[in-house]
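K.L.:
sequence and computational prediction follow.
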Amino acid sequence: MNLSSLVIPVLLSAVAVYGLGKRVDVYSALTHGAEEGLAVLLRIVPALVGLLTAVSMFRASGAMEWLSGVFAPVLELLGIPPETAPLMLVRPVSGNGALAVASDLMDSHGADSYVGRVAAVMLGSTETTFYTIAVYFGSAGITKTRHTVPAALVADLAGFAAAALAVRVFFGNG
Amino acid sequence: MEMTWVWTGMVTLSLLFGLASGRLDAVANAALEGARSAIELSISMAGVLCLWSGVMEIMNACGLSEGLAKLFRPFLRKLLPNACRDGETLAAISANVSANLLGLGNAATPLGIRAARRMARGCNGTASNELCLLVVLNTASIQLIPATIASVRAAAGCQTPFDILPAVWLASVLSVAAGLLAAWLLSRGRVEQ
């Protein structure tokens, strides 16, 4: 038995016991949350169909290789695997698009490969930047966003480079 | 609208590259294959995604998000001193941060918007330095348990989909730090209205 197979059962039971101690109806909360998970899934399915179709065509036509090749010199300088170039282009614009590209990378390289892990960490450490900026400033009535966009893009780029670095730190070069 | 451009661009480039390289048969098959794999992916993601959304909901219901919110108040007071002078704004921002940490995006956005609206009052459509910071903080993901990603990994046949957590945390911290540093550097020397 390895340590990581302890994490999930322990977490599930600890959260349930703690919730029970706080007199929370744990099971209703669980099913209510699961229902929300299903709602999230329903919202992303149509986007996944559209995007995985495009990503799959893009890869089959050889355009993906071309795109990765164009960005390869810059990315290698930052220690980022060039295969993830399409993911980095889509990530700030569309969350579901990034999910589709990342899942394609995991399928074609393997979920436990270096590229597959970097894609997962990139997805987890960045956000849909332009969507977030539009929603926040739109509802607050802000038209002059000043340095928000450049600063947010710096955060994204740092997140991408840090994702590759973090995977090397925790898993080696795979 | 951006995605319209991305999608049209990708499909059209695929056609052009396919024609140029003589791989049009493969491109045609890939289109159908991609659509089919989207549904397969969705179905294999569904279980893990629902389970973790449920666990998050329990955590939320037993007051964990409020606990996290309290934990972050001193840090937020330092980061956004003007905004935090207003008690209600501080409450909204700390709830926004804790919802983000728990991966409750649907809960985080309205809370963050409430804070942003209060912070934007009386500044005539120009974002203050602190409002820029709040938005940068929200464009950099800070999730403790990225359930959606774990479910995609599980769907791709990974046995230990959560083993990337430490790497995600490290990358998130570095990305947030870079964003805050960039926002701070870019705001220097400019007068706040």
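P.N.:
Looks like it arrived, so ask away. Numbering: from 1, shown residues only, chains lettered A, B, ... in the order given.

K.L.:
and the lengthiest helix in chain A, what does it pack onto?
P.N.:
When chain A is parsed with DSSP state H, its longest helix is helix A:26-60. With contacts taken as 3 or more C-beta pairs under 8 Å, 6 or more residues apart in numbering or on different chains; DSSP states H and E, helix A:26-60 sits against helix A:4-21, helix A:95-109, helix B:2-21, helix B:24-61. In this view, the C-beta of every residue, glycine as well, is placed from N, C-alpha and C.

K.L.:
give me the contacts around the first one.
P.N.:
Contacts with helix A:4-21, where a contact means C-beta atoms under 8 Å, 6 or more residues apart in numbering or on different chains, come from A:26, A:29, B:55, B:58-59, B:61-62, B:160, B:162-163.

K.L.:
10 Å instead, please
P.N.:
For helix A:4-21, contacts defined as C-beta atoms under 10 Å, 6 or more residues apart in numbering or on different chains pick out A:24-27, A:29-30, B:51-52, B:54-64, B:145, B:159-163, B:165.

K.L.:
how about stretch A:72-81: buried residues?
P.N.:
For stretch A:72-81, burial by neighbour count (16 or more other C-beta atoms under 10 Å in any protein chain shown) applies to A:75, A:80-81.

K.L.:
of those residues, which is the nearest to B:Ser172?
P.N.:
Nearest to B:Ser172 out of these is A:Ile80 (C-beta to C-beta; 16.3 Å).

K.L.:
who's in contact with that closest one?
P.N.:
A:71-72, A:74, A:87-88, A:118, A:122, A:157, A:160-165.

K.L.:
8 Å - rerun?
P.N.:
A:Ile80 touches A:88, A:118, A:160-161, A:163-164, counting by C-beta under 8 Å, 6+ apart.

K.L.:
likewise B:Leu90?
P.N.:
Counted by C-beta under 8 Å, 6+ apart, B:Leu90 has contacts B:73, B:76-77, B:83-84.

K.L.:
one step back: which among the contacts of helix A:4-21 end up buried?
P.N.:
Using 16+ other C-beta under 10 Å as the burial test, those include A:24, A:26, A:29-30, B:51-52, B:54-62, B:64, B:145, B:160-163, B:165 as buried.

K.L.:
tell me the secondary structure at A:Val93.
P.N.:
Assigned by DSSP: H, G, I helix; E, B strand; the rest coil, the conformation of A:Val93 is coil.

K.L.:
how close does it sit to A:Tyr131?
P.N.:
Distance, A:Val93 to A:Tyr131, using C-beta to C-beta, to the nearest Å: 8 Å.

K.L.:
also B:Ala154?
P.N.:
Going from B:Ala154 to A:Tyr131 by C-beta to C-beta gives 26 Å.

K.L.:
the two - which one has more neighbours?
P.N.:
Between B:Ala154 and A:Tyr131, B:Ala154 has the larger neighbour count (other C-beta atoms under 10 Å in any protein chain shown), namely 19 against 16.

K.L.:
quick check: pLDDT value at the more buried one.
P.N.:
In this prediction, B:Ala154 carries a pLDDT score of 90.

K.L.:
list the contacts of it.
P.N.:
B:44-45, B:48, B:161.

K.L.:
what about residue 133, neighbour count?
P.N.:
No chain specified, so I'll use chain A. Other residues near A:Ile133 come to 23 when the count uses other C-beta under 10 Å.

K.L.:
please refer instead to chain B.
P.N.:
23.

K.L.:
center of chain A - which residue?
P.N.:
Closest to where the C-alpha atoms of chain A average out (C-alpha atoms, centre = their mean) is A:Leu123, at 1.7 Å.

K.L.:
does the strand or helix carrying that one reach chain B?
P.N.:
Here A:Leu123 sits within helix A:114-125, counting by DSSP states H and E. Yes - applying C-beta under 8 Å from any C-beta of the partner chain, one finds helix A:114-125 in contact with chain B at A:116-117, A:120-125.

K.L.:
let me have these in JSON lines, adding pLDDT as columns.
P.N.:
Converted to JSON lines, the residues of helix A:114-125 next to chain B look like this (pLDDT from 0 to 100):
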{"residue": "A:Gly116", "pLDDT": "96"}
{"residue": "A:Arg117", "pLDDT": "96"}
{"residue": "A:Ala120", "pLDDT": "96"}
{"residue": "A:Val121", "pLDDT": "96"}
{"residue": "A:Met122", "pLDDT": "96"}
{"residue": "A:Leu123", "pLDDT": "94"}
{"residue": "A:Gly124", "pLDDT": "92"}
{"residue": "A:Ser125", "pLDDT": "92"}
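
K.L.:
just these now: which is nearest A:Gly50?
P.N.:
Closest approach to A:Gly50 among the residues of helix A:114-125 next to chain B (C-beta to C-beta): A:Leu123, at 18.3 Å.

K.L.:
where are the low-confidence patches of chain A?
P.N.:
A:1-4, A:174 (pLDDT under 70).

K.L.:
same question for stretch B:91-99, mean pLDDT?
P.N.:
Taken as a whole, stretch B:91-99 carries a mean pLDDT of 89.

K.L.:
so who does A:Ile142 touch?
P.N.:
Neighbour list for A:Ile142: A:136, B:116, B:120, B:123, B:125-127, B:131 [criterion: C-beta under 8 Å, 6+ apart].

K.L.:
can you redo these as JSON lines with distance to B:Leu90 and neighbour count?
P.N.:
Converted to JSON lines, the contacts of A:Ile142 look like this (distance: C-beta to C-beta, whole Å; neighbours: other C-beta atoms under 10 Å in any protein chain shown):
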{"residue": "A:Tyr136", "distance to B:Leu90": "17", "neighbour count": "25"}
{"residue": "B:Ala116", "distance to B:Leu90": "13", "neighbour count": "27"}
{"residue": "B:Ala120", "distance to B:Leu90": "16", "neighbour count": "20"}
{"residue": "B:Cys123", "distance to B:Leu90": "18", "neighbour count": "16"}
{"residue": "B:Gly125", "distance to B:Leu90": "24", "neighbour count": "12"}
{"residue": "B:Thr126", "distance to B:Leu90": "22", "neighbour count": "14"}
{"residue": "B:Ala127", "distance to B:Leu90": "19", "neighbour count": "26"}
{"residue": "B:Leu131", "distance to B:Leu90": "14", "neighbour count": "27"}
